[in-house]
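Trainee: Generate coordinates for the sequence data below:
(chains A and B)
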Amino acid sequence: MLWELEIRPKGRDGERERVCDEFDLLTHAQRGGELVAASARGFLLEGDLGEADLERLASEVLVDPLVESGEVRLAGARTGDYYTVLLKPGVMDPVAQTVLDVARMLKTPVVAVRTFRRYYGPADLPPADRDVLFRKVLANDAIEQIVVGPVRADHLGLGSAYTFRLVTVPLTGLDADGLVRLSKEGVLALTPDEMKAVQAHFRSQGREPTDCELETIAQTWSEHCSHKTLRGTIHLTDTSTGRTRTYKNLLKETVFAATQEIRTRLGAADWCVSVFSDNAGVVAFDDNYHICMKVETHNHPSAIEPYGGANTGLGGVIRDPLGTGMGAKPVCNTDVFCFASPDFPPDQLPQGVLHPRRVMRGVVAGVRDYGNRMGIPTVSGAILFDDRYLANPLVFCGTVGLIPKDKAFKEPKPGDLIVAVGGRTGRDGIHGATFSSLELTHESETVSGGAVQIGNAITEKKVLDVLLQARDRGLFNAITDCGAGGFSSAVGEMGAEIGAVVDLENAPLKYDGLSYTEIWISESQERMILAVPREKLAALMALCAAEEVEAAVLGTFEPTGRLKLRFHGNTVADIDMHFLHDGRPVIERNAEFSPMRNAECGMRNQNPQSTAVLESAIRNPQSALLAILANYSVASKEWVIRQYDHEVQGGSVVKPLVGVANDGPSDAAVLMPVLGSWTGVAVGCGLNPRYGDLDPYHMAAAAIDEAVRNVVAVGADPTRTAILDNFCWGNVTDPRTLGALVRTAEACRDVAVAFGTPFISGKDSLNNTYTGKTGERLDIPHTLLVSALGRVPDVRTCVTMDLKEPGNDLYLVGVTRSELGGSHFHLVTGQAGGDPPRVDVDFAPKVFAGVHAAIAGGLVRACHDLSEGGLAVAVAEMAFAGGIGVDVTDLAKLPGAETEADEVRLFSESTTRFLIEARPGNAAALRACLAGLPVVRVGTTVSDPRLRVAGSNGEWLIWVKLSDLKEAWQKPLRW
Amino acid sequence: MATPHVLVLRAPGANCDEEAAFAFELAGATVERIHVNAVRENPRKLQSAQILAVPGGFSYGDDVAAGKVLALQFRHFLSDALRQFRDDEKLILGICNGFQTLLKAGLLIPPDEDGPLATLGFNESGKFEDRWVHLQATPGRCPFLKGIDRLHVPVAHGEGNFVCRKEYIVRGLSQAGQVVLRYASADGRRGGYPVNPNGSQDDIAGVCDVTGRVLGLMPHPERHIFPTQHPQWTRHGLKPEGEGLQVFRNAVEFFKE
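Mentor: Below is the predicted model:
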């Protein structure tokens, strides 16, 4: 029998308010209230149940009578006009799983549960309203379905038994066109050359591949897993000179090479431990621990289902440190998002594209719900807005982990058992690896639905709890996570040097009906793979059972050099490990660039403003300052930050929000990962795709500079700062797009070496491009995210960016040049062109060292780096965060800008600059720390709550109340 | 009695257990983190301890409602053992998810024939929030809060809105001395959001049972034991310790008297 329990809120109906607002925003109308009269949530419960059972479950478990009312009835028994939103079959429903467990605990005969949401409204909706309401507000087609009126069903059956049938794919006889068609129709995402290599291999074997073999190869060779473009051969041509240079392996010769050079230079003092080889990069931390970090992207899934995409994106990156060495404990998360403007006109959305406001709300909620439930503080990040991210929003999630020094390396041994731990395997996430390597189209929503998932954070938390105990008890020899490619990737990589045999029927399944291939390539979340010595298996299984974590022996690492898969004794794959991992033909691509000078910056103004406002901003620095503060990219992200638990685990030292009212924008977060020890880590990031429109090389340099600047500004040691790269690029088959990427990688090499900041890990996400119905393309801007992980020798010397007291001196350290290209001043004043900021790589490390010495020496009351909006924005943020006024009186003395216009001095975004507040008594000591560096006292702090800036003619260019500055900055994203 | 022994109860999804254990250790107790399954298997394990702490987190994902599933376990499997624990003059502390659990298990305010008298519902703001709050304490007979007047600690929750079934129940709790912590502004005055971060009736942040020895509170005292955890330590300088540590020290001292 199928019952339904419908639960309505007694007080305010927050969900109704939310959907009505959303409808009104999308339609520019005020009719949401007419369409949705009330909301409810509930459960469908199946089993041999009487009404009394249901009443008991409702009153004892499912309904809180103080705030809700519940009603029990047979499913479909209520007539009336309503719409019920249900998850599609097979989509993860953690709440339903918990309810099933509780019902069993209470010995109620429930056999299946589904959750639902319900909305009351008229049955005869006009088609246009219905389309917006159903598809864009109430549900997401990718994971949910809507039933209008009573839910008439009598059971919640899921999956039917699978009948084994070995599938082979006739491939050896295909011609070139046939191979291409096979790759496309099978969503294999292999190139014609790769398909030919596969064909040649199986011709030499004298047989056709099984479907499972082909899928395994496609996954292993996917861009997502093998990074074949950036590790392939690239010929880069400078079109202004016609000269060409060739990289045989771009990443190896740029990013990796920089790290290698730094490590060699450091010699015995090398503090890198394990870089670019494990799931996260590992560096030395203190006497007992190393620290590691990984940053991943989850862009394509987040475009289609923002909540689930971001949710599983964070869940996935948390498994990276957990799967590093013998397992690191995650200590904090980072998140960086790129979206189109929340004000994007809804009627101009391309087909199949979600509105950016919905994407943003979903992504933030997805990160929130996973990170908070895992008990890992989300401490640092950024959100950037640019309409070129409309169809391809970017979602970067990072995790820092702490690992005992003697657990930094792993080695699976021949004979070890292959043990899967954690979540069950379902049909979800099939083709994630190859899907994330394909471009999105207007059809992606429908064709790729299987690649979208919802996570279950508590499953992962239980896995984490158990695995750290198992690690400390020495119960396994190696660990890795199941990410893209699922078992295929995890077992294939771990056994690459040995060989493996797997009996696929041993994998615990969520429901019946999965074929052997689906089991092998499923990307179901929350799974880890261990290599377990036989004699340790019993102890491991007992530990897992004690904490309700499922574990299963899938097979053995057998020293055969082959990957053998069986299903109930039938061989379904038997591939040479060597061919799998080294058989992929090298990709060769052409790239080109021309040094761009004063090129047109083809960007749309992000904050649509009237021409009058633009003109007033050009003429009036105060208007420009207020407009930059109100730009979505600069504006306060408090709405997001407070939804993340940024203090769990107790290590918080410098929070993401700082200042007299705990609401100013911190440069970086600092935490002490080992409670009771004062050694800390600072986490920051840098990205500025707007500079990339003018010159990708300088964009990359600026991003590294910004990331390092951020951690130095709070007290990290620049000589113990590691960095990570995440390339998100458009269509790299376009030589110019790829050329920009190569220039970016070259900058990464040059700047990292000069700064002495090694790259320790990285990831790329290519082909972030959208093709519409009429073939129009929308590429994202070249986006390089640089994350910085800096060691803080003693967290008690950290500083924050908020001004502390009146009567102090305010110093600017660094050189200001006429570099308004790609600046936010240009953005808000509608100007294009100009020079982007350039990093002086010889000079910057000296500035970092000087500022660090001053902070460590206790001479600095506040420190803030200069970034978007330059000096004007930095001083404004320091002032309103601290509630302390400033008089800037020596603008004319800015080193490097003595002859420039005031707008350059105020708004240039020249790199490697800091504003420092210091007590007058420390002036001499501070100048000694900064000896030989360009430093000028630009003003003083005052008790009056206002910012004044005097121009070179002696008149006040800016005279504004701190409350007005703060309001301009807080208002846009006060959601 | 010299050094009390603390059990910090772990459950699937609990995630403030390590810092709660650390706070008790810093206050001078010996601490063991123990899984609820192990206690269910052998409730006598509770007898080894003087203090039981139910830490923050998302036990069982907070699926259904915050703390609800763990509360059901308490009611169905540990009811007698927990009652015995309290009647033995021992202490129980529930922080955040632990408060939600204790309240929904009926350990703070027992239900009457019409059901529970109070619950913790969704924040009025409709969202999870992490922010620092000021608390005004009225310790009465609650040993955890002995000598404490004000506390500055963070909250981080989505379901902390304290709601009673009837208005008179709130007054009754207050008169009985069970409302021991209220949200207040920095200068001690009552106020709306964000002074009261979740819309709780009567600004209630924490309540104890009639004995005073069982305390539940939404804010996190274990997140303010070091001076560096204070959100404005870079402005005001480092204090010798965080304000929340006294809560744990009081619990330890209770057994040393």
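
Trainee: C-alpha only now, for contacts and for neighbours.
Mentor: OK.

Trainee: top helix in chain A by residue count?
Mentor: In chain A, taking DSSP state H as the definition, the longest helix is helix A:735-755.

Trainee: Beyond that helix, next helix or strand please.
Mentor: strand A:759-765 (DSSP states H and E).

Trainee: other SSEs contacting whichever helix or strand comes after that following strand?
Mentor: Counting by DSSP H and E, the next helix or strand C-terminal to strand A:759-765 is strand A:769-771. Other elements packing on strand A:769-771 under the criterion 3 or more C-alpha pairs under 8 Å, 6 or more residues apart in numbering or on different chains; DSSP states H and E are strand A:440-441, strand A:777-779.

Trainee: Compute the distance between the spatially most central residue of chain A and chain B, please.
Mentor: By C-alpha atoms, centre = their mean, chain A has its centre lying nearest to residue A:396, at 1.8 Å. According to C-alpha to the nearest C-alpha, to the nearest Å, residue A:396 and chain B sit 22 Å apart.

Trainee: That residue: what secondary structure?
Mentor: strand (DSSP: H, G, I helix; E, B strand; the rest coil).

Trainee: The residue nearest to it when sequence neighbours are not counted - how many residues pack around it?
Mentor: Spatial nearest neighbour of residue A:396, chain neighbours left out: residue A:297 (4.4 Å); criterion: C-alpha to C-alpha, 6 or more residues apart in numbering or on different chains. For residue A:297, the count of nearby residues is 27 (other C-alpha atoms under 10 Å in any protein chain shown).

Trainee: try residue A:677
Mentor: 12.

Trainee: Surely it is in a strand?
Mentor: No - looking at residue A:677 with three-state DSSP, it is coil, so not inside a strand.

Trainee: So which residues of the stretch 101-250 of chain B form helices?
Mentor: B:167-175, B:233-236, B:245-254 (DSSP state H, counting those that start in this stretch).

Trainee: Going by neighbour count, which residues of the second one are buried?
Mentor: In other words, helix B:233-236. B:233, B:234, B:235 (16 or more other C-alpha atoms under 10 Å in any protein chain shown).

Trainee: out of those, which touch chain A?
Mentor: B:234, B:235 (C-alpha under 8 Å from any C-alpha of the partner chain).

Trainee: what's the nearest residue to residue A:78 if we skip its chain neighbours?
Mentor: Using C-alpha to C-alpha, 6+ apart, the closest residue to residue A:78 is residue A:150 (6.3 Å).

Trainee: so residue A:665 bridges to which residues?
Mentor: With DSSP bridges as the criterion, residue A:665 is bridged to residue A:657.

Trainee: swap in the one 4 residues further on?
Mentor: Here residue A:669 shows beta-bridge partners residue A:683, assigned using DSSP bridges.

Trainee: Could you tell me the model confidence score at it?
Mentor: According to the prediction, residue A:669 has pLDDT 98.

Trainee: Distance of it relative to residue A:855?
Mentor: 16 Å (C-alpha to C-alpha, to the nearest Å).

Trainee: same question, residue A:195
Mentor: For residue A:195 relative to residue A:855 (C-alpha to C-alpha), the value is 57 Å.

Trainee: just residue A:381 next, same as before
Mentor: Residue A:381 is 23 Å from residue A:855, by C-alpha to C-alpha.

Trainee: before we move on, what about residue A:334?
Mentor: Taken as C-alpha to C-alpha, the span from residue A:334 to residue A:855 is 24 Å.

Trainee: do the same with residue A:406
Mentor: 33 Å.

Trainee: Settle it for me: which of those two has more neighbours?
Mentor: residue A:855 (26 against 11).

Trainee: Tell me the secondary structure of the more buried one, please.
Mentor: Going by three-state DSSP: residue A:855 is helix.

Trainee: Does it touch residue A:717 like I think?
Mentor: No - with contacts counted by C-alpha atoms under 8 Å, residue A:855 stays clear of residue A:717, the gap being 10.0 Å.

Trainee: In three-state terms, how would residue B:34 be classified?
Mentor: Assigned with three-state DSSP, residue B:34 falls in the strand class.

Trainee: I'd like the next helix or strand past the worst-scoring helix or strand of chain A on mean pLDDT.
Mentor: Using mean pLDDT, DSSP states H and E, the weakest-scoring helix or strand in chain A turns out to be helix A:444-447, at a mean of 43. Where DSSP H and E defines the elements, the next helix or strand beyond helix A:444-447 is helix A:457-472.

Trainee: so what secondary structure elements neighbour that following helix?
Mentor: Using 3+ C-alpha pairs under 8 Å, 6+ apart: helix A:457-472 touches helix A:306-322, helix A:356-374, strand A:417-422, helix A:537-546.

Trainee: between these, which one is nearest to chain B?
Mentor: Nearest of the helices and strands packed on helix A:457-472 to chain B, taken as C-alpha to the nearest C-alpha: helix A:356-374 at 5.7 Å.

Trainee: residues of the closest one that come out buried?
Mentor: A:356-360, A:362-374.

Trainee: so what's residue 18 up against?
Mentor: Defaulting to chain A. For residue A:18, the contact set (C-alpha atoms under 8 Å, 6 or more residues apart in numbering or on different chains) is empty.

Trainee: try chain B instead
Mentor: A:649, B:33.

Trainee: quick one: it is in a helix?
Mentor: Yes - counting by three-state DSSP, residue B:18 falls inside a helix.

Trainee: how close does it sit to residue A:921?
Mentor: Using C-alpha to C-alpha, residue B:18 is found at 43 Å from residue A:921.

Trainee: Likewise for residue A:833?
Mentor: From residue A:833 to residue A:921 the distance is 44 Å (C-alpha to C-alpha).

Trainee: who has more neighbours, the two?
Mentor: residue A:833 (18 against 11).

Trainee: So the more buried one is in contact with residue A:823, correct?
Mentor: No - contact status for residue A:833 versus residue A:823: not in contact, 9.7 Å apart, counting by C-alpha under 8 Å.

Trainee: Counting neighbours, what do you get for residue 71?
Mentor: With no chain named, the answer covers chain A. Number of residues near residue A:71 (other C-alpha under 10 Å) recorded here: 14.

Trainee: oops, chain B please
Mentor: 24.

Trainee: Tell me who's in contact with it.
Mentor: B:101, B:102, B:104, B:105.

Trainee: In a markdown table, list those along with pLDDT and distance to residue A:664.
Mentor: Shown next, in a markdown table, are those (pLDDT from 0 to 100; distance: C-alpha to C-alpha, whole Å):
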| residue | pLDDT | distance to residue A:664 |
| --- | --- | --- |
| B:101 | 98 | 35 |
| B:102 | 98 | 36 |
| B:104 | 98 | 37 |
| B:105 | 97 | 40 |
